[in-house]
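In: return a 3D structure for these sequence lines:
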Amino acid sequence: MLNISNHKVSHIIKEKGYSTIERVESKQSKKVLSRMIYASFAIGFILLLLPWTQNIRSDGQVSVLKPNQKPQTINSIIDGRVENWFVQEGDFVQKGDTLLRISEVKDDYFDDKLLERTGNQVGFKKESVGAYKDKIKAQEQQIESLKEQQQLKLNQAANKLMQTRLKVQNDSNALVAAETDFKIAEYQLRRMDSLYDTGLKSLTDLEKRKLNSQKAKAKFIESKNKWLAAQNNVINAQIEIANIKTKFNLDLNKLQSERLSTLSQKLEAENSLTKLENTYKNYQVRTDLHYILAPIDGYITKTMVNGIGETIKAGQEIVSMMPKKYELAVEAYIDPIDLPLVAKNENVRIQFDGWPAIVFSGWPNASHGTYDGKIYAIDQFISTNGKYRILIAPDTTNYPWPQALRVGGGASSMILLNDVPIYYELWRRINGFPPDFYSKAERKELKNKK
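Out: Numbering: from 1, shown residues only. Below you'll find the predicted structure:
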């Protein structure tokens, strides 16, 4: 029995008559329990010595690797009214296929011949610009012709000035000769007067000398008048040259003013033409925007506008598409404390939602249903959820990811770090220490040492 009381009953009960009492009294349970405890301690000790791969667990979702491969929405650039749908959800479309047609809702664009009439205005304005160009060309020809006439007139006046100057020189020489003759006649007259007073010459001789002197004086005066008239002609020729320059400059300035005025009108016409061409191009592009086209090859996933006649605004989402070709990736989020432990091209094990898996986080080689990946990019700025986003690309050296994966599906990732014993990992977790981190070179060196 248990013998927990001071009152013995063993002498009353016949122990050998009961098999249960015999088994209890045989003390076999104590030996089994001891063996179980020793075995548990041995197994636990062995487990503590097993290697454990430190890792960072993070949840995320399936995404795409490149921005141009992500699901995208198609917006309307202009306001409009839905007239026709040419696709439906689930359809595959190629780049350039028409998805729907819209019509105008603004009264500025109601005219069906708006583009044609604007084109006619552009044509008329081009003709106006051409006319101004022809007018400017004609005025430039007039200016050139007037400049030629001015040069001819100036040459003619210069020749006349040269002639008058030569005549002045000639008259000056004649004046000098007449003055010399006059002085000689005066001198001879005084001598003749002296000879007459002495009686050596007759009165007739004296009178002849006086007559010669008067003739010489008259010729001298006449020569001086001619010389002064020639000088006056020189001044007149110079004035005429100045008048020619003034007259032609006035005419040239008038033509230049008219040319500049025409040039200003031409520039205004060209400015108006540019605005009209811009307006025409805008109308042309706006007309093309009445047809919403597929920007990529892909599948129509959802339409945000329903029915015919619904009004849409500029920038409003109309339909969403998924590209035909894309490279899958996984978006995962890690805590800031784990950020220094991760780097590009680090190995990652991934479990996808919907794919059964047996996961041993510390023994990645013993896990089943997980797939390999490598860190492709790490965000440099924290996300709104307080964690850092990392982008994981498939590891092409191992098993490919499932073909049936779709963007947006859930995924759980394990970023593999250093290999340590289990007892060390338990001690680290109990004390709240971060995982051990080694670079790739250090890990390789540690493996070689082992």
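In: only C-alpha atoms for contact and neighbour calcs from this point on.
Out: Will do.
In: now Ala174. Nearest residue, chain neighbours left out?
Out: The shortest distance from Ala174 to any non-neighbouring residue, by C-alpha to C-alpha, 6 or more residues apart in numbering, is to Ser223 (6.2 Å).
In: Ala185 too?
Out: Ala185 sits nearest to Ser213 (C-alpha to C-alpha, 6+ apart), 4.7 Å away.
In: just the element for that neighbour, please.
Out: In this structure, Ser213 sits in helix 203-288 according to DSSP states H and E.
In: please apply the same query to Asn120.
Out: Using DSSP H and E, Asn120 falls within helix 114-198.
In: coming back round to it: which helices and strands does the helix holding Ser213 pack with?
Out: helix 114-198 (3 or more C-alpha pairs under 8 Å, 6 or more residues apart in numbering; DSSP states H and E).
In: what mean pLDDT does the helix holding Ser213 get?
Out: The average of the pLDDT scores along helix 203-288 is 85.
In: let me know the angle separating it from helix 114-198.
Out: Counting by axes from the mean of the first three to the mean of the last three C-alpha atoms, to 10 degrees, helix 203-288 lies at 170 degrees to helix 114-198.
In: what helices or strands is the helix holding Asn120 leaning on?
Out: Helix 114-198 packs on helix 203-288, going by 3+ C-alpha pairs under 8 Å, 6+ apart.
In: so what strands line up beside the helix or strand following the helix it packs on?
Out: Sequence-wise, the next helix or strand downstream of helix 203-288 (DSSP H and E) is strand 291-293. Counting by DSSP bridges, the strands paired with strand 291-293 are strand 98-103 (antiparallel).
In: now the strand it pairs with, how far from the centre of its chain.
Out: 30 Å (C-alpha atoms, centre = their mean, to the nearest Å).
In: what sits against Phe381?
Out: Contacts for Phe381 (C-alpha atoms under 8 Å, 6 or more residues apart in numbering) come out as Tyr388.
In: what about it, helix or strand, and which?
Out: Secondary structure assignment for Phe381, by DSSP H and E: no helix or strand.
In: tally of neighbours for Glu179?
Out: 19 (other C-alpha atoms under 10 Å).
In: tabulate the CA atom coordinates of stretch 234-247 in CSV.
Out: The C-alpha coordinates for stretch 234-247 follow below in CSV (Å, rounded to 0.1, in the frame of the first residue of the first chain):
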residue,chain,number,x,y,z
VAL,A,234,30.7,125.7,-104.7
ILE,A,235,28.6,126.5,-101.6
ASN,A,236,25.4,125.9,-103.6
ALA,A,237,26.8,122.6,-104.8
GLN,A,238,27.5,121.6,-101.1
ILE,A,239,24.1,122.7,-100.1
GLU,A,240,22.6,120.7,-102.9
ILE,A,241,24.5,117.6,-101.7
ALA,A,242,23.1,118.2,-98.2
ASN,A,243,19.6,118.7,-99.6
ILE,A,244,19.9,115.4,-101.6
LYS,A,245,21.0,113.5,-98.5
THR,A,246,18.2,115.1,-96.4
LYS,A,247,15.5,114.4,-99.0
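In: which residues touch that stretch?
Out: In contact with stretch 234-247 (C-alpha under 8 Å, 6+ apart) are residues Gln150, Lys153, Leu154, Ala157, Ala158, Lys160, Leu161, Thr164, Arg165, Val168.
In: same thing with stretch 59-66?
Out: 70, 326-333, 391, 393, 405-413.
In: buried residues in that stretch?
Out: Buried residues in stretch 59-66, counting neighbours by 16 or more other C-alpha atoms under 10 Å, are found at Asp59, Gly60, Gln61, Val62, Ser63, Val64, Leu65.
In: just the ones of these in strands?
Out: Among those, the residues falling in strands (DSSP state E) are Asp59, Gly60, Gln61, Val62, Ser63, Val64.
In: distance of the last one from Asp379?
Out: The gap separating Val64 from Asp379 is 15 Å, by C-alpha to C-alpha, to the nearest Å.
In: beyond the helix or strand where Ala411 lies, next helix or strand please.
Out: Using DSSP H and E, Ala411 maps to strand 410-421. Moving toward the C-terminus from strand 410-421, the first helix or strand encountered (DSSP H and E) is helix 422-431.
In: what sits against Asp108?
Out: Per C-alpha under 8 Å, 6+ apart, neighbours of Asp108: none.
In: just the strands in the stretch 351-450 of the chain please.
Out: Assigned by DSSP state E, counting those that start in this stretch, the stretch 351-450 of the chain shows strands spanning 371-378, 388-394, 410-421.
In: so can I have CSV of those showing mean pLDDT, mean neighbour count and distance to Ala237?
Out: Listed next are these as CSV, based on pLDDT from 0 to 100; neighbours: other C-alpha atoms under 10 Å; distance: least, C-alpha to C-alpha, whole Å:
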stretch, mean pLDDT, mean neighbour count, distance to Ala237
strand 371-378, 87, 21, 93
strand 388-394, 89, 23, 96
strand 410-421, 75, 20, 106
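In: I'd like those strands as JSON lines, with distance to Glu270 appended.
Out: Output for these, formatted as JSON lines (distance: least, C-alpha to C-alpha, whole Å):
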{"stretch": "strand 371-378", "distance to Glu270": "53"}
{"stretch": "strand 388-394", "distance to Glu270": "55"}
{"stretch": "strand 410-421", "distance to Glu270": "61"}
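In: out of those strands, the one nearest Asn249 is which?
Out: Ranking the strands of the stretch 351-450 of the chain by distance to Asn249, with C-alpha to C-alpha as the measure, places strand 371-378 first at 76.9 Å.
In: any idea how the chain splits into domains?
Out: Domain ranges of the chain: 1-49, 52-68+326-449, 71-104+290-323, 114-288, per automatic domain parsing.
In: no more questions from me, cheers.
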